[in-house]
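Asker: Need coordinates for the following:
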Amino acid sequence: MARALGSLPQLREALARGELSYSKVRALTRVATPETEERLLAVGRARTAEHVELIVRGWRRMDRKAEAQETTRRHRNRALHVYPDGDGMVVIRGRLEPEVGAVVMQALTAAREALSRRRRAEDVPAGTSVVDGSAEAPTMEQQQADALALVAEAALHRGMDPGAPGERYQVVVHVDAQMLADADAPGQSVLDGGARVPAGTSRRLACDASRVVMRHDADGRITEVGARTRTIPPALRRALQHRDKGCRFPGCGRLLGQGHHIRHWAHGGPTTLSNLTMLCRRHHRAVHEEGFQLERLADDELCFRGPDGRLLSDVPPPAAMPANPVDSLRAQNDAGGLHIDARTSTPGWHGERLDVGYAISVLHPLAVASR
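Answerer: Just a heads-up that it's a prediction; the model follows:
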């Protein structure tokens, strides 16, 4: 509610002056926008809290109906036009649904990066096109065209099989099993190129990654390679994301996160929902490499501690309270010119029956526009 009130000054002012109750403002902020704030403020002033709640529910039903209609309209209007131009070039023009467009943009980005890596691997001079070898650096539009060609070639090569969802970035780390379990144990923990990484970093990456187990003989030769598996299976990941809805570190809440084993699988911890939590990249690093501690308590709550063992609370300590808070609040109101009495938040309702359907038809912008 506080976040919504930042862009709704009229509702914020009405709450501050006691003209609208907290329950009314909380309901109205669920649907109000800067464009509809004034008319919804009038509803709050004229109606009871129960009426406001009924109108907000009807408003949201109208929003969902409009959203469904917009989704259907977008789906019907999807199109892709491919035709030759007068000079022999091929023109591609289209309109895609948002989620499909996001896939296409991700594919083009991945293809551009693949072409860039190919240029570096082949030691092509800077500013030279990897596709046609021209000396001029390709523009962004030309890079997009080259990327689309690579995507098409890759699709034909795979027989149109999309396969499993690809990983956006892949970092290969070779780490001995004993090092995952004990940072002081002898063994290797290196990137694919040979650069060493700390055991804590390896444990963090291994928390939520693809895993291939390889066995070596005494001379270091590979004797067996296991199948590639996900540390956290896709179905379990979806359940984890649904439950945690972002980073669980106190005060964070970022939506994008990584799965973290509370008790690492290298220490015998199971890959189960009860042993997993979501942490953003920054706080995942803090737990594995900066000494922060995390445990799940008997009541299923998470307990975070700093490197010094100090408990990190989800809620900051309460603000200091004056000795007489009522007198202090009255003094603040008087200083701000606020005079609140028993009738300040009384609605203008005279007892007439509420017709929610009619109220929505004259209040909701989409309903008004369709009449």
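
Asker: what stretches of the chain score poorly on pLDDT?
Answerer: For the chain, applying pLDDT under 70 flags the ranges 122-135, 159-172, 183-187, 191-199, 218, 220, 227, 229-230, 316-317, 368-371.

Asker: Residue 256 against residue 279, yeah?
Answerer: No: the criterion here is C-beta atoms under 8 Å, and residue 256 misses it with residue 279 at 10.5 Å. All C-beta atoms are positioned from the backbone trio N, CA, C, and that covers glycine.

Asker: Which strand or helix spans the closest residue to residue 208 other than its chain neighbours?
Answerer: Excluding the flanking residues, the one nearest residue 208 by C-beta to C-beta, 6 or more residues apart in numbering is residue 259, at 3.9 Å. Using DSSP states H and E, residue 259 falls within strand 258-261.

Asker: State the next helix or strand along the chain beyond the helix of greatest length in the chain.
Answerer: Ordering each helix of the chain by length in residues (DSSP state H) puts helix 49-76 first. Per DSSP H and E, the first helix or strand lying C-terminal to helix 49-76 is strand 79-84.

Asker: follow-up on the earlier one: chain center to the strand holding residue 259, what's the gap?
Answerer: 15 Å (C-alpha atoms, centre = their mean, to the nearest Å).

Asker: List the pairing partners of whichever helix or strand comes after it within its sheet, with orientation.
Answerer: Reading on from strand 258-261 to the C-terminus, the next helix or strand found by DSSP H and E is strand 276-279. Here strand 276-279 has these sheet partners by DSSP bridges: strand 258-261 (antiparallel).

Asker: Check the contact between residue 258 and residue 277; I expect there is one.
Answerer: No: Residue 258 is beyond contact range of residue 277, at 9.9 Å (criterion: C-beta under 8 Å).

Asker: So those two - more neighbours on which side?
Answerer: Between residue 258 and residue 277, counting by other C-beta atoms under 10 Å, residue 277 is the more crowded of the two (23 against 20).

Asker: hang on, isn't the more buried one packed against residue 287?
Answerer: No: assessed by C-beta under 8 Å, residue 277 is found out of contact with residue 287, at 9.6 Å.

Asker: Common neighbours of those two, please.
Answerer: 260, 294 (C-beta atoms under 8 Å, 6 or more residues apart in numbering).

Asker: just to revisit the earlier point, looking at residue 256 and residue 279, which is more packed in?
Answerer: residue 279 (28 against 10).

Asker: Now do the more buried one against residue 151, distance only.
Answerer: 33 Å (C-beta to C-beta, to the nearest Å).

Asker: again with residue 203
Answerer: From residue 203 to residue 151 the distance is 36 Å (C-beta to C-beta).

Asker: Looking at these two, which is more packed in?
Answerer: A direct count of neighbours by other C-beta under 10 Å for residue 203 and residue 151 places residue 203 higher, at 23 against 16.

Asker: which ones are touching that one?
Answerer: By C-beta under 8 Å, 6+ apart, the neighbours of residue 203 are 180, 264, 266, 288.

Asker: ok, the second one touching residue 180?
Answerer: Yes: under the criterion of C-beta under 8 Å, residue 264 makes contact with residue 180 at 7.2 Å.

Asker: Pull up the overlap in contacts between the two.
Answerer: Common neighbours of residue 264 and residue 180 (C-beta under 8 Å, 6+ apart) are 203, 206.

Asker: So what does residue 365 have for phi and psi?
Answerer: In terms of degrees, to the nearest 10, the main-chain angles of residue 365 are phi -60, psi -40.

Asker: burial of it, as a residue count?
Answerer: Considering only other C-beta under 10 Å, residue 365 is surrounded by 13 other residues.

Asker: do you know how far it is from residue 18?
Answerer: Taking C-beta to C-beta, one finds residue 365 at 29 Å from residue 18.

Asker: cool, and residue 322?
Answerer: From residue 322 to residue 18 the distance is 20 Å (C-beta to C-beta).

Asker: neighbour-wise, which of these two wins?
Answerer: Legend: neighbour count by other C-beta under 10 Å for residue 322 and residue 18, higher for residue 18 (14 against 10).

Asker: contacting residues around the closest residue to the more buried one other than its chain neighbours?
Answerer: If you skip the residues right next to it in sequence, residue 18 has residue 340 as its closest partner in space, 4.1 Å away by C-beta to C-beta, 6+ apart. Applying C-beta under 8 Å, 6+ apart, we find residue 340 in contact with 17, 18, 333.

Asker: Looking at these, which are in helices?
Answerer: Filtering the contacts of residue 340 for helices - DSSP H - leaves residue 333.

Asker: is it possible to export the contacts of residue 340 to JSON lines including distance to residue 189?
Answerer: Output for the contacts of residue 340, formatted as JSON lines (distance: C-beta to C-beta, whole Å):
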{"residue": "17", "distance to residue 189": "62"}
{"residue": "18", "distance to residue 189": "62"}
{"residue": "333", "distance to residue 189": "63"}
